[in-house]
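Colleague: Need coordinates for the following:
(chains A and B)
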2 protein chains.
Amino acid sequence: MSEHTLKQFDAELEAVRARVLQMGGLVEEQIARAMQALSTGNTRIAVQVVEDDHRVNALEVAIDEECSTIIARRQPAAVDLRMLMMVVKTITDLERIGDEAAKIGRMTQLIFEADRPFVPRTNDVRHMADVALSMLRNALDAFARLDLAVAAKVVRQDESVDDTFRGVLRQLITFMMEDPRTISHTLEILFIAKAIERIGDHAKNMSEYVVYMVKGKDVRHTGPEAIEREALTQH
Amino acid sequence: MSEHTLKQFDAELEAVRARVLQMGGLVEEQIARAMQALSTGNTRIAVQVVEDDHRVNALEVAIDEECSTIIARRQPAAVDLRMLMMVVKTITDLERIGDEAAKIGRMTQLIFEADRPFVPRTNDVRHMADVALSMLRNALDAFARLDLAVAAKVVRQDESVDDTFRGVLRQLITFMMEDPRTISHTLEILFIAKAIERIGDHAKNMSEYVVYMVKGKDVRHTGPEAIEREALTQH
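Modeller: Residues are numbered from 1 along each chain as shown, chains lettered A, B, ... in the order given. Model (predicted):
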């Protein structure tokens, strides 16, 4: 490539990364608003979250197109190609996180539009959501700065979300056994907890792609230790 | 490209498609065995399904690598590039279907290794699994033959799986209310039903990628009618 073309190419890559971060910001906002709706019982916000999911979807489609266009036009090699392929994977996870946020919105509507709204204590669910949101922020940060230490942290955080989920599950089972009339609404809370757990899984996937981008090593399915080893040798 | 290079390139593309179908076959088998374990209470099979998940994961990593190598070496344009990008998306969904099969295996273990195994009537869950398996086969078929009519069928089938899931959910809630002691195991069945529902979602995603491959139009998030319209104008 000529120097001029190279500069353009760099600008295009940079633009794609910025779009991914923009999409990530929107998805963060969707989760935060869905949890706000759950905490406050504001179903108007819940409906808004469900309706805004199409904005997340549209960004995925647009970024997919941009990546294909850049690959076709610039024919990038090795590391740049790897970056673009990982963007394609990353935005799939971001789109699915958006779906989970919309699911939280729908469940929140069901809970608060019921004749007798029943809201079990949800401190642990809120705690799970805080950790999942922090995981997403970290995953986006690891992506933006190609920072393996942050990526490794996300994988660790995922273990804590999974632990909390198991605790929430036990707690909700106890609620249901004590008062079977609450089963239906308790399941809605359970589905919300499950959605949050999956948000954690997606953030973890995103972090594993960052390791792949930087190292060219595929660390999916290898556990946090492997990623920490890679982080130690980043510099 | 020279004619010789073109032939090699075609052979490489064909090989990637064959690998995707091989991965699809393995994933089908994983689901079928997980459901067999649930129907028969054979936990040995359930354990095997969980252990074999790494084979699915390994195939995803290998096919990802192959796609990157082909793109870097052959610098394919338009339609071939679109095919490769969609392979990358498709195998992500196949890998996640594999995760869901492993989840069914783990839940089956929990159910039958309990002191007092409780197995609620699961006819509808089995029915859901049959439809989800048929969706996966159709999605792979649509991929292999680039057949939009089959892809459209998958999207329709997904609506039926979602309906059946809602019915199963109501049924399980009734079980739990009638006998709260069964709540814990009934939730395991519920998670199995949820895993099957997600398998349907992934098969639907795969079908939407086929439409994109053939038409260059992104029909994700547009509903079955849009895909049927595309199918009508395939020939």
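Colleague: helices or strands up against the lengthiest helix in chain A?
Modeller: Ranked by residue count, the top helix of chain A under DSSP state H comes out as helix A:3-40. If you count contacts as 3 or more C-beta pairs under 8 Å, 6 or more residues apart in numbering or on different chains; DSSP states H and E, helix A:3-40 packs onto helix A:43-74, helix A:78-112, helix A:123-145. In this view, the C-beta of every residue, glycine as well, is placed from N, C-alpha and C.
Colleague: Now do the contacts for the nearest residue to residue A:76 once chain neighbours are set aside.
Modeller: Leaving aside its chain neighbours, residue A:76 sits nearest to residue A:84 (6.7 Å; criterion: C-beta to C-beta, 6 or more residues apart in numbering or on different chains). Contacts for residue A:84 (C-beta atoms under 8 Å, 6 or more residues apart in numbering or on different chains) come out as A:13, A:16, A:67, A:70-71, A:76.
Colleague: Could I get those residues in JSON lines, plus columns for neighbour count?
Modeller: Below are the contacts of residue A:84 laid out as JSON lines (neighbours: other C-beta atoms under 10 Å in any protein chain shown):
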{"residue": "A:13", "neighbour count": "18"}
{"residue": "A:16", "neighbour count": "19"}
{"residue": "A:67", "neighbour count": "24"}
{"residue": "A:70", "neighbour count": "20"}
{"residue": "A:71", "neighbour count": "23"}
{"residue": "A:76", "neighbour count": "20"}
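Colleague: which of these lies closest to residue B:100?
Modeller: Nearest to residue B:100, judged by C-beta to C-beta, of those is residue A:67 at 27.2 Å.
Colleague: Which pLDDT value does the model give the residue lying closest to the closest one once chain neighbours are set aside?
Modeller: Nearest non-adjacent residue to residue A:67, counting by C-beta to C-beta, 6+ apart: residue A:84, 4.9 Å away. Here the pLDDT value assigned to residue A:84 is 91.
Colleague: do residue A:38 as well
Modeller: Reported pLDDT for residue A:38: 94.
Colleague: got it, and the one 4 residues further on?
Modeller: pLDDT, the model's per-residue confidence, is 94 for residue A:42.
Colleague: How much space separates it from residue A:130?
Modeller: 19 Å (C-beta to C-beta, to the nearest Å).
Colleague: Can you lay out the helices and strands packed on helix A:3-40 as a markdown table showing distance to residue B:205?
Modeller: Below are the helices and strands packed on helix A:3-40 laid out as a markdown table (distance: least, C-beta to C-beta, whole Å):
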| stretch | distance to residue B:205 |
| --- | --- |
| helix A:43-74 | 12 |
| helix A:78-112 | 9 |
| helix A:123-145 | 21 |
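Colleague: Would you mind naming what in chain A lies close to chain B?
Modeller: Proximity of chain A to chain B, by C-beta under 8 Å from any C-beta of the partner chain, involves residues A:54, A:57, A:60-61, A:64-65, A:67-68, A:71-72, A:75, A:77-78, A:81-82, A:85, A:88-89, A:92, A:169, A:173, A:176-177, A:180-181, A:183-184, A:187, A:190, A:194, A:218, A:220-221.
Colleague: Give the ChimeraX command for selecting the buried subset of those residues.
Modeller: In ChimeraX syntax, the buried subset of those is picked out as below (16 or more other C-beta atoms under 10 Å in any protein chain shown):
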select /A:57,60,61,64,67,68,71,72,75,81,82,85,88,89,92,169,173,176,180,183,184,187,190,194,218,220
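Colleague: Give me the number of neighbouring residues for residue A:140.
Modeller: 25 (other C-beta atoms under 10 Å in any protein chain shown).
Colleague: Need the per-residue pLDDT for it.
Modeller: 98.
Colleague: hang on, isn't it packed against residue A:18?
Modeller: No. Counting by C-beta atoms under 8 Å, residue A:140 sits too far from residue A:18 to count as a contact (11.6 Å).
Colleague: Residue B:200: which of the helices and strands packed on helix A:3-40 is closest?
Modeller: Of these, nearest to residue B:200 by C-beta to C-beta is helix A:78-112, at 14.1 Å.
Colleague: got the buried residues for that closest one?
Modeller: A:80-112.
Colleague: still on that earlier bit, what's the closest of the helices and strands packed on helix A:3-40 to residue A:198?
Modeller: Taking those one by one with C-beta to C-beta, helix A:78-112 is closest: 5.4 Å.
Colleague: Could you list which residues are in contact with residue A:167?
Modeller: Contacts of residue A:167 by C-beta under 8 Å, 6+ apart are residue A:124.
Colleague: switch the cut-off to 10 Å
Modeller: By C-beta atoms under 10 Å, 6 or more residues apart in numbering or on different chains, residue A:167 lies in contact with A:124, A:127-128, A:193.
Colleague: picking that back up, of the contacts of residue A:84, closest to chain B?
Modeller: Distance to chain B, by C-beta to the nearest C-beta, is smallest for residue A:71 among the contacts of residue A:84, at 6.1 Å.
Colleague: how far away is the closest one from residue B:19?
Modeller: Relative to residue B:19, and taking C-beta to C-beta, residue A:71 is found at 21 Å.
Colleague: What of residue A:63?
Modeller: Counting by C-beta to C-beta, the gap from residue A:63 to residue B:19 is 26 Å.
Colleague: Looking at those two, which has the bigger crowd around it?
Modeller: residue A:63 (23 against 17).
Colleague: And that one, what's its pLDDT?
Modeller: 95.
Colleague: go on, residue A:220?
Modeller: 66.
Colleague: again with the one 4 residues further on
Modeller: As predicted, residue A:224 sits at a pLDDT of 70.
Colleague: That one reaches residue A:153, doesn't it?
Modeller: Yes. If you go by C-beta atoms under 10 Å, residue A:224 and residue A:153 touch, sitting 9.1 Å apart.
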